[in-house]
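Novice: What follows is a predicted structure for the sequence shown.
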Amino acid sequence: MKKSSVISIALFVIFTISGIHCDSQNSNLTCADNFDECLNHTDCCSGSCLMTGYVRNRICLASNFSFIEPLKIQKGNCSYYEPENEKVNEFMSTSFGLYASHPLLPTNSMVEVNHDGKTVTVTITNQNVNNNNNSILNLSREAAKELGIEKEGLFECNLQVLDPNDDDYYPLLKPIGAIIIFIAAMFIII
């Protein structure tokens, strides 16, 4: 008899505790902050759980947060870790040049990264979107070297999303266009 009442009480407590969730948008007890992983809107303190550029990744983000505004600068920690698969890293470097992963930005976005007075422009590939260290950007080895980063880990950085209408957005577009025009002119002349 005692055993069954103890089991009943234990089950009641377990089911009662498991039913507690974040009802209040201002409650910081059980809700996730910006850039933390989430499954649905109730998991986030902001009430906004958004899918990232990588299908299996969802993160919390304040409702007033936007990368669409021109000259929007995001400040925080960037990360660099040695690639797990050297062949994939080589392929990505050949395909995209300097690349990085961002928890929110779509693939092929161009971002200018600043660190200690050095600036580099990277293409967002979302190859490695693991945000276990709360960084705002995971850089490729080549991009980290351009910024003077020698060791793996976190470092302070500023990000600026480049406007697709800006001339610097597609850095190779002008030279490639000039080469195509030159080749076309050669065929016309010959």
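Specialist: In hand now; what should we look at? Numbers count the residues shown, from 1 in each chain.
Novice: okay, CA-based contacts and neighbour counts for the rest of this
Specialist: Noted.
Novice: quick one: low-confidence parts of the protein?
Specialist: Within the chain, the stretches with pLDDT under 70 are 1, 5-6, 8, 10-29, 34-35, 51-57, 62-72, 126-133, 163-178, 182.
Novice: Domains of it: list them as residue ranges, please.
Specialist: Split into domains by automatic domain parsing, the chain comes to 1-65, 73-161.
Novice: Those: which one's closest to Ile181?
Specialist: Closest approach to Ile181 among the domains of the chain (C-alpha to C-alpha): domain 73-161, 23.2 Å.
Novice: For the closest one, measure first residue to last.
Specialist: Taking C-alpha to C-alpha, to the nearest Å as the measure, domain 73-161 stretches 7 Å from start to finish.
Novice: hmm, back to that, tell me the most buried of the domains of the chain?
Specialist: domain 73-161 (a mean of 18; mean count of other C-alpha atoms under 10 Å).
Novice: ok, back up a step: rebuild the domains of the chain as JSON lines, extending it with distance to Met186.
Specialist: Converted to JSON lines, those look like this (distance: least, C-alpha to C-alpha, whole Å):
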{"stretch": "domain 1-65", "distance to Met186": "42"}
{"stretch": "domain 73-161", "distance to Met186": "28"}
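Novice: Quick one: closest of the ones you listed to Phe187.
Specialist: domain 73-161 (28.6 Å).
Novice: Could you pull up the contacting residues of Glu146?
Specialist: Going by C-alpha atoms under 8 Å, 6 or more residues apart in numbering, Glu146 touches 118, 120.
Novice: Bridged to the nearest residue to Gln74 once chain neighbours are set aside, which residues?
Specialist: Spatial nearest neighbour of Gln74, chain neighbours left out: Leu159 (5.0 Å); criterion: C-alpha to C-alpha, 6 or more residues apart in numbering. Assessed by DSSP bridges, Leu159 has beta-bridge partners Gln74, Val113.
Novice: who touches Leu159 in this structure?
Specialist: Contact partners of Leu159, counting by C-alpha under 8 Å, 6+ apart, are 73-75, 111-114.
Novice: repeat for Cys38
Specialist: If you count contacts by C-alpha under 8 Å, 6+ apart, then Cys38 has 32, 44, 49, 58-60 around it.
Novice: Give me the phi and psi for it.
Specialist: Main-chain dihedrals, Cys38, degrees, to the nearest 10: phi -150, psi 170.
Novice: just the one 5 residues further on next, same as before
Specialist: For Asp43, the backbone dihedrals are phi -70, psi -20 (criterion: degrees, to the nearest 10).
Novice: repeat for the one 4 residues further on
Specialist: Dihedral angles phi and psi of Gly47 (degrees, to the nearest 10) take the values phi 80, psi 20.
Novice: correct me, but Ala32 touches Asp43?
Specialist: Yes. Counting by C-alpha atoms under 8 Å, Ala32 touches Asp43, with 6.0 Å between them.
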